[in-house]
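In: I would like to see how this sequence folds:
(2 chains)
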Amino acid sequence: MSKTKDIERVYVEAFRDFEASVPTNSWERLEERLHSRSKKNKRKLWLLPLSGVAASLLGFLFLQVFSSPQPTSSSVSDTTTFKEAYSLRMTPYLGFSNEEVRLTPYEKILPTPVLPSFSKEQDVLFNNHKEILLAYEPSLWLPQEVASVLQPYPVSSNPLRFQENETATSEETLASPTKYSDLREASDALAALDENEERSRRWSLAPQAGPVYYQSLSQGSPINPQFSDNPKSGNLNMSYGLQLSYALGNKVTVRTGINKLNLGYETSGVDFQPVASGSTNSHINFNRPVTLADAGSIKGSAQSASKSVSPGEAALLQQIGYLEMPLEIQYRVGGEKLGVSLIGGVSSLILTDNLIQFKEGGFSSSLGEASNLNIWNLSTNIGLGIDYRFNRQWKLQVEPMFKYQWNTFSEGSGGFSPYILGVNTGFSITF
Amino acid sequence: MHSEVSLILCTFGSTGAYVTARSKRFMQTEQLIKGCQNNDRKAQEVLFQRYAPVLFSICLRYSRDRAEAEDHLQDCFIQIFDKIGQFAFKGSFEGWLKRLTVTTVLQKYRSQGMFEVITHEMADDTAAITVDEASYSLEYLLRLVQELPDRYRLTFSLYVLDGYSHKEIARMLRISEGTSKSNLARAKVALRNRIETDQQNEQAQNL
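Out: Numbering: from 1, shown residues only, chains lettered A, B, ... in the order given. Model prediction:
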């Protein structure tokens, strides 16, 4: 048994302190290059600002026209390209000439019938994981390795084997591969894919608008407890704003934004008298002396019937405006064009408008503002989204959302627990 | 009396000369770098002559043959002179030069297309690959490395000869760490096979 040594050690020891002798005219050649480079640089300096403008224009045009990589369809490839593009320098290992390796590599090492023979043309395939499904180095692969690479493909429609008119089928178990007609194109496409991955578009901005409907999950009135059993109808209002989202991956997006929410609802069956009575347990900062009463309770009273100006049905309109800043997570399933999402999150609400009006038969007058509205509160949101993508930049989204509001009233909510139902629609631009 | 004085003076003088010479040499590197930063052609030539041998040896073990290595050496020095303004005098200058050389050569191969092949994990890629303990000439070992397919050669040189980790190699070659380990294992197997084949041929010839 002769002594053996780890091949790594053999190399490390041999190459330690290895200083090669440089060819004698190296410096002269280098000096020439340096000289011509500095001349070129000086000449081109004044072109710099112009080229900057030209480059950005070209770049913009290029982006518009070639917004997505277009793989070319296969064509009969040039065998010489294959030879040039990939060095067949492994041939010394098996003693093959270049010709033999190129034409029928597998037949040489694997006479088994399982593997197809290559015809002259070589196609290069790779899948969405950017792995090339073609073995270039038969001499360095063991037979079982080759078989395992080809295994996912049914032998009948093996994409590594093709005649002139044959194309790859889509029976692959992996994501559908792209075919290129020669190695150069494949490597260029691979490099382009790399770059696209790196600067992939993750940010989106979407101006949004949509109707919102305000109601309460339970009975109660935050204006005055006597109105708790009065019918309340939610009003449909508009909300509009801007949404900013950042894609964390293919499916998950985190989003925020700013919205103006105009909410309102009406409490009907309210009566008012234009004098302030001693007691006021309405949570209103009145801007004029007024007393409110539940029309239902007044009806029976003869005394108030003479005093009230407007017997009968009238309503209180409470209008609330918020500036909303949501923070939501979106989970999207679907394809490139159409997708459905589940959205959940919270919003910060800041009170901007606060008005209570008295409405009667089309005539409304302002009574003042609610005294028990919190300036800051939260809502928890949940909703669905549907989006349709036109191209890499533009997308249409429609999102019905349910937002339950917390902490709306500082006191005397009277059991009124409001929620917001809205549908946000908008166009989103991705960059 | 004279001879003792002159002896002492000589000693001092030579010591002084030695010390001056050494500090001069040390100073020279800094001056050299600064000269190159100012595009002083003379400084650039001295830098080239001084560091070309070690950088050429790096090029040789990343390139496919000597001719290519010479071209790469030139390209590396162009890069060095371009980027020498960025050297902040922190850390080893030679280390900086070597790193720049390696990255320049790797870029040459990257633009030619480095393919990521599906690698079937080798059954036992952690086992040591050994060869007969004989003496192999540097020329021979170098030629073997140069004849490896590109990415095996690059991975092998980066890992074994320049001491980069698989993580760093993965980043530099834009492959996965697993592929890097696999490349290394395959390179070693290929080299071992080649050495053994050559040895067998030689023995057969000697019979």
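In: so the helix or strand residue B:54 falls within, near chain A or not?
Out: Residue B:54 is part of helix B:41-62 when elements are defined by DSSP states H and E. Yes: with C-beta under 8 Å from any C-beta of the partner chain as the measure, helix B:41-62 is seen reaching chain A through B:41, B:44-45, B:48-49, B:52-54, B:56-57, B:60-61. No exception for glycine: its C-beta is placed from N, CA and C like everyone else's.
In: in a markdown table: the residues you listed, plus neighbour count and pLDDT.
Out: Formatted as a markdown table, these follow (neighbours: other C-beta atoms under 10 Å in any protein chain shown; pLDDT from 0 to 100):
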| residue | neighbour count | pLDDT |
| --- | --- | --- |
| B:41 | 13 | 87 |
| B:44 | 22 | 89 |
| B:45 | 16 | 88 |
| B:48 | 21 | 91 |
| B:49 | 12 | 89 |
| B:52 | 23 | 93 |
| B:53 | 13 | 92 |
| B:54 | 16 | 92 |
| B:56 | 24 | 94 |
| B:57 | 22 | 93 |
| B:60 | 23 | 94 |
| B:61 | 24 | 92 |
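In: secondary structure element holding residue A:13?
Out: With DSSP H and E as the test, residue A:13 turns up in helix A:7-15.
In: and that helix with helix B:41-62, angle?
Out: Here helix A:7-15 points in a direction 150 degrees away from that of helix B:41-62 (axes from the mean of the first three to the mean of the last three C-alpha atoms, to 10 degrees).
In: what packs against helix A:7-15?
Out: Packed against helix A:7-15 by the contact rule (3 or more C-beta pairs under 8 Å, 6 or more residues apart in numbering or on different chains; DSSP states H and E) you find strand B:130-132, helix B:138-146, helix B:177-206.
In: and the first one, does that touch chain A?
Out: What that stands for is strand B:130-132. Yes: residues of strand B:130-132 are located near chain A by C-beta under 8 Å from any C-beta, namely B:130-132.
In: quick one: residues in contact with that strand.
Out: Residues from elsewhere that reach strand B:130-132 (C-beta atoms under 8 Å, 6 or more residues apart in numbering or on different chains): A:2-7, A:10, B:192, B:195-196, B:199.
In: next, the buried residues of that strand.
Out: Using 16 or more other C-beta atoms under 10 Å in any protein chain shown as the test for burial, strand B:130-132 gives B:130-131.
In: residue B:55 against residue B:98, yeah?
Out: Yes: if you go by C-beta atoms under 8 Å, residue B:55 and residue B:98 touch, sitting 7.0 Å apart.
In: more neighbours, the two?
Out: residue B:55 (26 against 17; other C-beta atoms under 10 Å in any protein chain shown).
In: now do the same for the more buried one: its pLDDT.
Out: If you check residue B:55, the pLDDT there is 94.
In: ok, it - contacts?
Out: B:73, B:76-77, B:97-98, B:101.
In: report the buried members of the residues you listed.
Out: By 16+ other C-beta under 10 Å, the contacts of residue B:55 give B:73, B:76-77, B:97-98, B:101 as buried.
In: could I get the pLDDT score of the residue nearest to residue A:15 when sequence neighbours are not counted?
Out: Spatial nearest neighbour of residue A:15, excluding adjacent residues (C-beta to C-beta, 6 or more residues apart in numbering or on different chains): residue B:161 at 5.4 Å. Residue B:161 carries a pLDDT value of 91.
In: please report phi then psi for residue B:161.
Out: phi -90, psi -30 (degrees, to the nearest 10).
In: lowest average confidence across the helices and strands packed on helix A:7-15, which one?
Out: strand B:130-132 (a mean of 82).
In: can you redo the contacts of strand B:130-132 as TSV, where the extra columns are neighbour count and distance to residue A:355?
Out: TSV is the format used below for those (neighbours: other C-beta atoms under 10 Å in any protein chain shown; distance: C-beta to C-beta, whole Å):
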residue	neighbour count	distance to residue A:355
A:2	6	98
A:3	8	96
A:4	15	91
A:5	14	90
A:6	14	84
A:7	21	84
A:10	24	87
B:192	18	86
B:195	19	90
B:196	12	92
B:199	14	96
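In: for the helices and strands packed on helix A:7-15, could you give me CSV that also reports distance to residue B:32?
Out: Shown next, in CSV, are these (distance: least, C-beta to C-beta, whole Å):
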stretch, distance to residue B:32
strand B:130-132, 42
helix B:138-146, 29
helix B:177-206, 36
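In: quick check: which of those is nearest to residue A:293?
Out: Residue A:293 lies closest to helix B:177-206 among the helices and strands packed on helix A:7-15, at 77.6 Å (C-beta to C-beta).
In: what's the angle from that closest one to helix A:7-15?
Out: Going by the same axes, to 10 degrees, helix B:177-206 makes 80 degrees with helix A:7-15.
In: for helix B:177-206, name the packing helices and strands.
Out: helix A:7-15, helix A:91-94, strand B:130-132, helix B:138-146, helix B:150-156, helix B:166-173.
In: out of the ones you listed, which comes closest to residue B:91?
Out: Among the helices and strands packed on helix B:177-206, helix B:166-173 sits nearest to residue B:91 (C-beta to C-beta), with 16.5 Å.
In: ok, the closest one near chain A or not?
Out: No: using C-beta under 8 Å from any C-beta, helix B:166-173 stays clear of chain A, coming no nearer than 12.0 Å.
In: and that helix, C-alpha only, in CSV?
Out: Below are the C-alpha coordinates for helix B:166-173, written out as CSV (Å, rounded to 0.1, in the frame of the first residue of the first chain):
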residue,chain,number,x,y,z
HIS,B,166,-18.0,28.2,0.2
LYS,B,167,-20.2,31.1,1.2
GLU,B,168,-17.9,33.6,-0.3
ILE,B,169,-17.4,31.5,-3.4
ALA,B,170,-21.2,31.2,-3.8
ARG,B,171,-21.5,34.9,-3.7
MET,B,172,-18.6,35.6,-6.1
LEU,B,173,-19.7,33.0,-8.7
